[in-house]
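Q: how would this look folded up:
(one chain, ligands or ions: 1)
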Amino acid sequence: MSASKWQKHDRAETIAGDFSEFLATRRSTRDFAPTPIPHELIESLIADALTAPSWSNTRPFKICIATGDVKERISSEFLARWSKLSTFRNGNLFIKVKKLLKGAGLPTSNRLLARAYVPELKPRAERVGRELYEWIGVQRGDRKARDAQWAKNYEFFNAPAELIIYIHKSLHIFAANDAGLMLQNLILSAHARGLGTCLQGAVVIWDDVIRGEFDVPKDYRILTGLAIGYPKDSHVNKFGAHRLAPEEIIIKPRSES
Ligand SMILES: Cc1cc2nc3c(=O)[nH]c(=O)nc-3n(C[C@H](O)[C@H](O)[C@H](O)COP(=O)(O)O)c2cc1C
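A: Sure thing, here's the model as predicted:
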């Protein structure tokens, strides 16, 4: 397939304009319709994902596709653990000790994720959290309602499919780069077909649950989950996260600052 069709100058402006609009209209979906998505469709998305660039064409990642009973079993175990973990987090010292003795649903993988954001990034994370919760009517300080919203992560927002992405440990952060490019292709391909997606860092804290269902090779580590399905026409799906302006991330040469 030739790239030149997309590179003709007389069409370039129209294509670029449409493409920018296409990109801008993608947003995370947090409420899915139960409509199943055929396995072949997921495979087509993965085929598109595999056209992304990759370091030495190594494609150092693997994908587990959880649907049906497998997805339900993972979800039930996640929900059970989240229920314990949220009681533990919100409890006083007595409850914490009691829960620790009984099993508190603490992370079994990627424990460092629980650390607070560094001051530079914290305001951005706080802003999206505040704006999303305001959008869906969760009051500031209402931990119960916040935890209930977070728990929806562990139902995969009712998506008919949850993908779990693993990267090869040997390539360190560079494998995450390849997986990120692959995932963005997959997400945009889904968007082009009217499907919605939500990346889910929330699932990386209990890798043992996924490995209980899939034979993931031990030299792969979990990177993220991705919920996929048809978005419902609901309020939460209309939330528009704030976008940074380019100058907020561009580092100018010292000679220009
Ligand atoms: C690596 C990664 C992990 C994420 N994890 C979660 C998650 O666990 N739960 C969730 O609701 N959203 C999650 N998101 C979605 C982000 O919150 C969302 O992309 C961001 O707020 C921008 O909004 P948008 O995707 O609608 O543009 C994640 C995004 C990325 C890139």
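
Q: The ligand contacts on the stretch 151-257 of the chain?
A: Residues of the stretch 151-257 of the chain lying close to the ligand by CB under 6 Å from any ligand atom are 153, 198-202, 224, 241. Where you see a C-beta, it was placed from the backbone N, CA and C, and this is true even at glycine.

Q: Kindly reformat those residues as a markdown table containing distance to Pro38.
A: Output for those, formatted as a markdown table (distance: CB to CB, whole Å):
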| residue | distance to Pro38 |
| --- | --- |
| Asn153 | 25 |
| Cys198 | 20 |
| Leu199 | 22 |
| Gln200 | 22 |
| Gly201 | 27 |
| Ala202 | 26 |
| Thr224 | 23 |
| Ala241 | 30 |
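
Q: got the contact list for Leu23?
A: Leu188 (CB atoms under 8 Å, 6 or more residues apart in numbering).

Q: Now do the SS call for it.
A: helix (DSSP: H, G, I helix; E, B strand; the rest coil).

Q: wait, which of the residues of the stretch 151-257 of the chain next to the ligand is closest to Phe61?
A: Thr224 (10.4 Å; CB to CB).

Q: a strand runs through that closest one, doesn't it?
A: Yes. Thr224 sits within a strand when classified using three-state DSSP.

Q: May I have the residues that are in contact with it?
A: 164-165, 179, 183, 199-201, 203-204.

Q: List buried residues within those.
A: 164-165, 179, 183, 199-200, 203-204 (16 or more other CB atoms under 10 Å).

Q: got the residues of the stretch 151-257 of the chain next to the ligand as CSV, with secondary structure, pLDDT and distance to Ile187 columns?
A: Shown next, in CSV, are those (DSSP: H, G, I helix; E, B strand; the rest coil; pLDDT from 0 to 100; distance: CB to CB, whole Å):
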residue, secondary structure, pLDDT, distance to Ile187
Asn153, helix, 98, 17
Cys198, strand, 98, 9
Leu199, strand, 98, 8
Gln200, strand, 98, 12
Gly201, helix, 96, 14
Ala202, helix, 95, 17
Thr224, strand, 98, 11
Ala241, coil, 98, 14
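
Q: returning to what we had before: mind checking which of the buried ones among the contacts of Thr224 are in strands?
A: 164-165, 199-200 (DSSP state E).
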